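[1] 3D, please:
(chains A, B, C and D)
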Protein chains: 2
Amino acid sequence: MSTIKQVAIKAGVSPTTVSNVLNGNVSKVSPDTRKKVEAILRQENYAPNMGAHILATKNSRIIGVIMFMEPRRDETVLEDPFSSTILGAIEVEIRNHGYFMMLHTTSDEEEVLRLSRTWKLAGLVLLFVPSKISNLINKTIGIPVVFVDSYFLDDGLTYHSVRLDDQRGGYEIAKHLLSMGHRNIVFLANDTFIPGTDHSRFLGCQQAFKEQGLRFESDRFFALSRDREERKVLYARLVAQEPKYTAIVFSADYYAAEAVTQLQEIGISIPDQVSITGFDDNIFSRLVRPSLTTVHQDVFMKGQLAVTLLTKFIRGEPVEETEVWLPVRVEVRDSVRRLD
Amino acid sequence: MSTIKQVAIKAGVSPTTVSNVLNGNVSKVSPDTRKKVEAILRQENYAPNMGAHILATKNSRIIGVIMFMEPRRDETVLEDPFSSTILGAIEVEIRNHGYFMMLHTTSDEEEVLRLSRTWKLAGLVLLFVPSKISNLINKTIGIPVVFVDSYFLDDGLTYHSVRLDDQRGGYEIAKHLLSMGHRNIVFLANDTFIPGTDHSRFLGCQQAFKEQGLRFESDRFFALSRDREERKVLYARLVAQEPKYTAIVFSADYYAAEAVTQLQEIGISIPDQVSITGFDDNIFSRLVRPSLTTVHQDVFMKGQLAVTLLTKFIRGEPVEETEVWLPVRVEVRDSVRRLD
DNA sequence: CTGTTAGCGCATTCAA
DNA sequence: TTGAATGCGCTAACAG
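    Below you'll find the model as predicted:
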C-alpha cells in the first residue's frame, strides 16, 4: 500500500526522484540515490497505482484483446481449440512485454471505441473482425491496433494485421485433391464475408481448378449452418445427391472432424465413399479416425506475432511490413482417397 | 474525450450532479435534471476515465481472472477446450455484470497480490490453484476471491469456491466399471496434489471398491508425464504387463482420447482388449472412436456460477453457500466393455 | 436537491 | 542531480 511519497520520505529524497527511478529515467538520478531508492522500493514492496498513472499519463499499460463473435458459430467458438491457443499465445506475449491484458468479446464497433477511451488502452488486438467493421475502427480509433484473421475493404488506410495466406491454403488443398484424382468437390464455409477468410480460401480452390482448365464456381460454395442437426442433414444430402461429390473441403478442422463422425454414423465410409479435408491442423485432425488431411497453420505464432507487432507499433518503432501473411502447408493424412 | 466537468457546464449543473447521475445515485438528483444530464451525456458520447475513478475510489471495476499453470500440462493446457469454455463463460458473465476482465496466467502468489494492488481489482477469479498457494492468497489478499477447481488446506478460513464433486465423480465411474465386471483398474492422474482434484477422484474410486470389499490402493495411482512420448510408453506398459488391467480410468478426456488413438496405433483394440474412461465430457469424448464413457460436468455453468458468486461477494450480499460443489454424472458411451 | 471543495497518486513541468 | 509545484478526472464530505 505504500506510495511514491512514502518511499520518498523513507529514502530521504523527493517523490520526483522515486518516480524517475521507477521509470528508468537513469540520466536524471545518480547511481547512489538510485540504489538507495531501489532498496526501499523492494523493502516496502511497492506496487504502483495504475489509476494515478492513467490519470497522469492518459495511457494505461493495458492491451485490449477483443474477439468478434458475429461471424463465428456461437455455440462452438468456445470449444474450438483455436480460440484458447491463440488467446494463450497472446496472453504470454503481452505479459512478457510488460503489459496487461483486458479480454472482451463483442460484435459492436462502438463498444471497442468506448473501451479504448475508458481505459486509455495502450493498444488493441482485434480478432475475426468483419471487413465492414474493421474499416470503421481503423479510421476512428486513434491508438495502435493489430488485426488478426481479419479482412479490410480497400480504403487507402494502413492496416497492421496478421493473418493466414488463406488463398494459398485453398489453392494447395485443392491442388492436392486434384492430384489425387478428385474433380467433383464442394467447399463448406464457416462464414460468407466478402472479403473474408473463407472467401479467400474458396478463391484459392477456384484458382487451382482453373489452372487445370476445370470449372469451380459459386454453386460449389455452401455456408454451414450453426445448428448441428442442420449440418448433419447437409452432409447427408451432399453425399447422396447428384452431382456425386468425391471430396468435401472444410474450412475448419472442427467441422471436418464432426462431419467424419456424423457421416460414419449414417454408414458412409471415409475416405472410401467420400474424402474429407480440414483446415487448421489442430488436435481434432489428429484425434479423429481417419485422421484428417488438412491445411496446417501455426496458431501460437500468429498470436505471438500479433502482440510483437503491436508493441513495436506502440513504441513507434518502424516495422518492416504492416501486413503479415503467415504461411500454410498441406498436411497429408488419411481422409483423402486416391481415385483411379 | 469529454469529461464530467464539460458535461456539467453544458448541462448547466455542477460536476457532482453529473457524477450522481452517472452512478445511479437517483435519490440525490431530481428527475428533470437527471433527464437533462443524461441527454448531454449521450450527445457528448461521454466515456468515463477509469484512471480517475480508480484514483478517487481505490477500486477499479476490473475482475482479475488468473489461471494457475503449474499443475497443468504446459504444452497442452491451451489446446484443452476446458480452458476456453470456462474462460468464455467467465467473460460473458463479467461483462453482463458490468465489470471488466483482466486475464493473467501465473504460478506465483506474489504476482496475484501485486496485480490486485496495482489495479485495485474489484475481485478475483482464481483457477486451478494448488492448496498451498490458495491458503496463502486467501489469508492476505483482502479482496473478494472465488476459487475455481481449487483445493484448500484446513486453516479455518472461509473460502468462496466453485468446484466439482470430484470424489463423487471418481466414485460413480468406479462403480460403473465394477458393475461392468472390472476388478483390475488403474487411475491415471494429471497431477498429484493433496488435497487436490485428482486425489479426490482417486479417493472416490477407492470408496467404490471398498464398498465391494475390494482393494484399491495407491499402487493403482499413476501420474501422467507431460511428455507425449512418455505417456505412450506408459500406456503400452500398462496393457502389456502384469497385473493385466482391464480398464484405465483417466482424469481428463484429453488424455483418455489420446490414449485411445495411441493404443490403437500399437494394435490394441478398445474396448475389446482394454476399457477406457475419461473425465469432463468435452468434445474429445464425443469425437474419438470408440466414443468415451466419461464423467460429465457443466463447464459453462461452473464459470458462470463463479462470477455470479463473486459479484454477490463484492456487493456484500449474503450468499447461501460459500463453497459450491457442482454435480457430476456418468455418461455411458462405447469405451467400456462388459466382462463376463 | 444542488454546488463547493479537497484529495486520491502519479508524471511532468520548471526552478534551484 | 534534485526538489517543489501543478494538474490529470473523479468521488465524497460537507455546506447551502
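
[2] Ends of stretch A:203-219, what's the gap?
    This stretch, stretch A:203-219, spans 13 Å end to end (Cα to Cα, to the nearest Å).

[3] Relative to the whole chain's centre, how far out is that stretch?
    Counting by Cα atoms, centre = their mean, to the nearest Å, stretch A:203-219 is centred 27 Å from the centre of its parent chain.

[4] residues of it that come out buried?
    A:Leu203, A:Gly204, A:Cys205, A:Gln206, A:Gln207, A:Ala208, A:Phe209, A:Phe216 (16 or more other Cβ atoms under 10 Å in any protein chain shown). Where you see a C-beta, it was placed from the backbone N, CA and C, and this is true even at glycine.

[5] try stretch A:122-134
    A:Ala122, A:Gly123, A:Leu124, A:Val125, A:Leu126, A:Leu127, A:Phe128, A:Val129, A:Pro130, A:Ser131, A:Ile133, A:Ser134.

[6] can you give me the helices for the stretch 151-300 of chain A?
    In the stretch 151-300 of chain A, the helices defined using DSSP state H, counting those that start in this stretch lie at A:166-179, A:197-211, A:228-240, A:253-265, A:283-287, A:299-314.

[7] okay if I get the ones you listed as JSON lines plus distance to B:Ile283?
    Formatted as JSON lines, the helices of the stretch 151-300 of chain A follow (distance: least, Cβ to Cβ, whole Å):
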{"stretch": "helix A:166-179", "distance to B:Ile283": "23"}
{"stretch": "helix A:197-211", "distance to B:Ile283": "22"}
{"stretch": "helix A:228-240", "distance to B:Ile283": "12"}
{"stretch": "helix A:253-265", "distance to B:Ile283": "8"}
{"stretch": "helix A:283-287", "distance to B:Ile283": "8"}
{"stretch": "helix A:299-314", "distance to B:Ile283": "17"}
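
[8] how about the residues of the stretch 1-150 of chain A near DNA strand C?
    A:3-5, A:15-16, A:19-20, A:22-23, A:48-49, A:51-53, A:55-57 (Cβ under 7 Å from any atom of the strand).

[9] Would you write a PyMOL line that selects the buried entries of those?
    Buried residues within those, by 16+ other Cβ under 10 Å, are selected in PyMOL with:
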select buried, chain A and resi 3+4+19+20+22+48+49+51+53+55
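
[10] Of the residues of the stretch 1-150 of chain A next to DNA strand C, which belong to strands?
    Among those, no residue falls in strands (DSSP state E).

[11] ok, and which of the residues of the stretch 1-150 of chain A next to DNA strand C reach chain B?
    A:Pro48, A:Asn49, A:Gly51, A:Ala52, A:His53, A:Leu55 (Cβ under 8 Å from any Cβ of the partner chain).

[12] The first one: what's it in contact with?
    Meaning A:Pro48. Neighbouring residues of A:Pro48 by Cβ atoms under 8 Å, 6 or more residues apart in numbering or on different chains: A:Leu22, B:Thr118.

[13] ok, 6 Å please
    Contact analysis of A:Pro48 by Cβ atoms under 6 Å, 6 or more residues apart in numbering or on different chains lists B:Thr118.

[14] Show me where chain A dips below the pLDDT cut-off.
    Within chain A, the segments meeting pLDDT under 70 span A:70-79.

[15] try it again with 80
    Scanning chain A for pLDDT under 80 picks out A:1, A:26, A:69-81.

[16] who in the stretch 101-250 of chain A is up against chain B?
    For the stretch 101-250 of chain A, the contact set with chain B under Cβ under 6 Å from any Cβ of the partner chain comprises A:Met101, A:Met102, A:Leu103, A:Thr105, A:Arg114, A:Arg117, A:Thr118, A:Trp119.

[17] Pull the contacting residues for the nearest residue to the fifth one once chain neighbours are set aside.
    Think A:Arg114. Spatially, and ignoring its direct neighbours in sequence, A:Arg114 is nearest to B:Ala47 (5.1 Å; Cβ to Cβ, 6 or more residues apart in numbering or on different chains). The neighbours of B:Ala47, taking Cβ under 6 Å, 6+ apart as the test, are A:Arg114, A:Arg117, A:Thr118.

[18] and of the buried residues of stretch A:122-134, the nearest to DNA strand C?
    A:Ala122 (13.4 Å; Cβ to the nearest atom of the strand).

[19] Just want the most central residue of chain A.
    In chain A, the C-alpha nearest the mean C-alpha coordinate belongs to A:Val148, at 4.5 Å (Cα atoms, centre = their mean).

[20] from memory that one sits against A:Val162, does it?
    Yes - between A:Val148 and A:Val162 there is a contact under Cβ atoms under 6 Å: 5.3 Å.

[21] Please enumerate the shared neighbours of these two.
    With Cβ under 6 Å, 6+ apart, A:Val148 and A:Val162 have common neighbours A:Ala306.
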